[in-house]
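> I need the structure of the sequence given here:
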Amino acid sequence: MPPQSHQNHLLIIEDDKGRKEFPLEEAVYSIGRDPNSDIRLFSQFVSRRHATLVRRQREDGSPYYRIVDGNLKGQPSANGLIINGRKLQAHDLQDEDEVIFGPQVSAKYYLLKTDPHPTGPPDEFDITLISPGMIGDPEEWNS
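Sure thing, here's the model as predicted:
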């Protein structure tokens, strides 16, 4: 079986305090103005419990994140979520999706795939079979 590529999930938030990066690894994240939020948003225009991120699994076993408006108890945020220009209650995040929580408060989601092949020193048996003297006219190679 070939090695599977590893996926890293990254959420980049921009709000009143600037830009912050959040590598996503946990099963659930609360997002909002509340100081106890896992991902805190700094803006008077967002709800205390504005959204929730939930990690789920595709049929092939690969993880993905779904963003849901409000909290997991069904309490929606005041302004809702605008995802890629559309107001949605929930959305399965795709690479480079943009989520707007309020004026000047947004997030960009990235799905980063890493190469399954380890990087390291070159293989000792990986040799070049062309010497610099072989450049040019093939008639001159053996002279």
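> For the residue most central in space within the chain, list the residues it contacts.
Centroid-nearest residue in the chain: Tyr110, 2.5 Å away (criterion: Cα atoms, centre = their mean). Contact analysis of Tyr110 by Cβ atoms under 8 Å, 6 or more residues apart in numbering lists 9-12, 95-96. Where C-beta positions appear, they are placed from N, C-alpha and C, glycine not excepted.
> Helix or strand for it, just tell me which one.
When elements are assigned from DSSP states H and E, Tyr110 belongs to strand 105-114.
> try Ser37
For Ser37, there is no enclosing helix or strand under DSSP H and E.
> One more: Tyr65?
Taking DSSP H and E as the definition, one finds Tyr65 inside strand 63-69.
> what's across from the nearest residue to Glu14 once chain neighbours are set aside in the sheet?
In this structure, Glu14 finds its nearest non-sequential neighbour in Ser106, 5.4 Å apart by Cβ to Cβ, 6 or more residues apart in numbering. In this structure, Ser106 bridges to Glu14, Ile100 when assessed by DSSP bridges.
> Hmm, Asp97 and Ser106 touching each other?
No. Counting by Cβ atoms under 8 Å, Asp97 is not a contact partner of Ser106; they are 10.7 Å apart.
> neighbouring contacts of the helix or strand harbouring His9?
Take DSSP H and E as the rule and His9 turns out to sit in strand 6-15. Under the criterion Cβ under 8 Å, 6+ apart, residues 19-25, 39, 41-43, 46, 53, 62-65, 93, 104-114, 116 lie in contact with strand 6-15.
> Which among those count as buried?
Among the contacts of strand 6-15, those classed as buried by 16 or more other Cβ atoms under 10 Å are 22, 24, 39, 41, 46, 53, 65, 93, 105-111.
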